[in-house]
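Engineer: predicted model and sequence below, questions to follow.
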Amino acid sequence: MHGAARRPLSPAGELAEAARREMRWTRPAGLTDSAAMTTLVRHVTFDCSDAYALATFWAGVLEGRVSEEDFPGDPEALVTTPEGPTLLFVTVPEKKGVKNRVHFDLQPQDRSRDEEVERVVALGATLVGDHRLPDGRGWVTLADPEGNEFCVERSSGERAAATS
């Protein structure tokens, strides 16, 4: 459980929990047992103080969904997205202490960077740094409700318009 504090389970409960976690993974389309891939990223995992609440925030940001198996108070919550990584949120007792060494760079697909920043702030993100330039280049650094930083870049449409 990635160092998470959790309620003790019986041996049968531990087996059931391990089986539940194992069943959550689905093989990516086109990947067969004979494929040459030896390692894949199964989840991007966030340690956090409230797995369900943070999963709900990120499901909104990425227009994904929280697993039907997860509920408020659960020690883990899984988010699937239409296109992109599966996110796993794990409740841990430690608070976030320093700047993230790894973060998401989000690129809106059907709206502008500025519209996406407004949308994500309305979902609960906070502004950390505004790196937008007068010529339209740049990005905005935000933080999720638990302080994990992420950036919003220009959309592909905005990038294309700038090179035309």
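Structural biologist: Cool, the structure landed. Numbers count the residues shown, from 1 in each chain.
Engineer: quick check, Phe150 in a strand?
Structural biologist: Yes. Counting by DSSP: H, G, I helix; E, B strand; the rest coil, Phe150 falls inside a strand.
Engineer: now for the residue sitting nearest the centre point of the chain: which residues touch it?
Structural biologist: What sits nearest the mean C-alpha location of the chain, by CA atoms, centre = their mean, is Leu87, with 4.8 Å. Contacts for Leu87 were tallied using CB atoms under 8 Å, 6 or more residues apart in numbering; they are His43, Val44, Thr45, Phe46, Ala55, Trp58, Leu62, Gly64, Leu78, Val79, Thr81. Using the backbone N, CA and C atoms, a C-beta is placed for each residue, glycine as well.
Engineer: tell me the SS of the residue lying closest to it once chain neighbours are set aside?
Structural biologist: Nearest residue to Leu87, sequence neighbours excluded (CB to CB, 6 or more residues apart in numbering): Val79, at 4.2 Å. The three-state assignment at Val79 reads strand, by three-state DSSP.
Engineer: bridging residues for Val79?
Structural biologist: Beta-bridge partners recorded for Val79 (DSSP bridges): Val66, Leu87.
Engineer: how near is Leu54 to Asp114?
Structural biologist: Distance, Leu54 to Asp114, using CB to CB, to the nearest Å: 25 Å.
Engineer: between those two, tell me which one has more neighbours.
Structural biologist: Between Leu54 and Asp114, counting by other CB atoms under 10 Å, Leu54 is the more crowded of the two (24 against 16).
Engineer: make sure that one is indeed in a helix.
Structural biologist: Yes. Under three-state DSSP, Leu54 sits within a helix.
Engineer: how many residues are close by the nearest residue to it once chain neighbours are set aside?
Structural biologist: Once flanking residues are discounted, Leu54 sits nearest to Cys48: 4.6 Å by CB to CB, 6+ apart. Burial measure for Cys48: 25 neighbouring residues, criterion other CB under 10 Å.
Engineer: got the phi/psi numbers for Asp135?
Structural biologist: Backbone torsions of Asp135, given as degrees, to the nearest 10, read phi -80, psi 0.
Engineer: now it: how far from Arg154?
Structural biologist: According to CB to CB, Asp135 stands 11 Å off from Arg154.
Engineer: likewise for Ala51?
Structural biologist: 32 Å.
Engineer: those two: which is more packed in?
Structural biologist: Ranked by neighbour count (other CB under 10 Å), Ala51 and Arg154 place Ala51 first, with 25 against 21.
Engineer: what residues does the more buried one make contact with?
Structural biologist: The contact partners of Ala51, by CB under 8 Å, 6+ apart, come to Asp70, Asp74, Pro75, Glu76, Ala77, Phe89, Val90, Thr91.
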